[in-house]
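**Q** Prediction below, plus the sequence it came from.
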Amino acid sequence: MEEGVLYLASQSPRRRELLQQAGLVFSVQDVNVPEHRAVDESPQDYVHRVARDKARAGLARLQADDGVDAVVLGADTEVVLDGDVFGKPQHADDAAAMLRRLSGRTHEVISAVWLVAEGREQGDVCVSRVRFAPLDEAIIAAYVASGEPFGKAGAYAIQGCGATLIEHLDGSYSGVMGLPLFETVRLLKRFNLVVPV
Ligand SMILES: Cc1cn([C@H]2C[C@H](O)[C@@H](COP(=O)(O)OP(=O)(O)OP(=O)(O)O)O2)c(=O)[nH]c1=O
């Protein structure tokens, strides 16, 4: 396998952590892509599009800088319940409202990952099902006050105290946390990038 130059187009510390956990060598490229779902766009199409746009934006910035021959990884994670897409909460009331809706129910977490290089793009998606325990108002208030829900799709973090709210996970832990590592490494191999395992 040849050595490729991998860039992670993301501001998410979770994605950095997960790529490091997989033993990958990469650089980080900051991108800011607007996340607005079109009215007729399915949740899965939306997550794919945003992940691809992040990777494309990363590659465009790198090419504008010095035309480096790079492979750029973009990812997006959303929580979906009853056809509604829960992004990151804007404020405390928003976070509490999301948690109230997730309480005692099973939702989907959709995580897409895209690799974009000059003349080549490929992506994959991972859908997990997460069942929340019934949450009373005191738990919701305490969790929101902890600050953990902010910056997280669906207002919780499986890698944090949010794990204590989850009764059951059917799917990928890394996918829920923000970057499905099995699908990511499978894509990297297709791009002939060096992976440790
Ligand atoms: C459900 C869940 C989400 N999350 C996080 C992962 C993502 O950072 C975030 C979903 O928002 P994203 O829009 O996917 O990512 P981001 O804006 O944080 O980062 P970037 O676009 O720069 O890559 O939610 C967790 O950390 N734990 C969880 O259990």
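**A** Cool, the structure landed.
**Q** With the flanking residues excluded, which residue is spatially nearest to residue 149?
**A** Computed as Cβ to Cβ, 6 or more residues apart in numbering, the closest residue to residue 149 that is not its neighbour in sequence is residue 155, at 3.7 Å. To be clear about C-beta, it is placed using only N, CA and C from the backbone, and glycine gets the same treatment.
**Q** That neighbour - how many residues pack around it?
**A** The number of residues packed near residue 155 is 28, by other Cβ atoms under 10 Å.
**Q** Tell me the pLDDT of it.
**A** Here, the pLDDT recorded for residue 155 equals 98.
**Q** Settle this for me: it is touching residue 92, isn't it.
**A** No - checked against Cβ atoms under 8 Å, the pair residue 155 and residue 92 is beyond contact range at 9.7 Å.
**Q** what touches both of the two?
**A** Common contacts of residue 155 and residue 92 (Cβ atoms under 8 Å, 6 or more residues apart in numbering): residue 144.
**Q** Toward the C-terminus, what is the element adjacent to the longest helix seen in the chain?
**A** Secondary structure assigned by DSSP state H gives helix 43-66 as the longest helix of the chain. Using DSSP states H and E, the helix or strand that follows helix 43-66 in sequence is strand 70-81.
**Q** For the chain, what lies in contact range of the ligand?
**A** Selection of the chain residues close to the ligand by Cβ under 6 Å from any ligand atom yields 10-12, 14-15, 35, 54, 75-77, 79, 88, 109, 151-154, 156-159, 162, 176-178.
**Q** all helices of the chain, in order?
**A** Ranges of helices in the chain, per DSSP H, are 13-21, 43-66, 92-102, 137-146, 173-177, 181-190.
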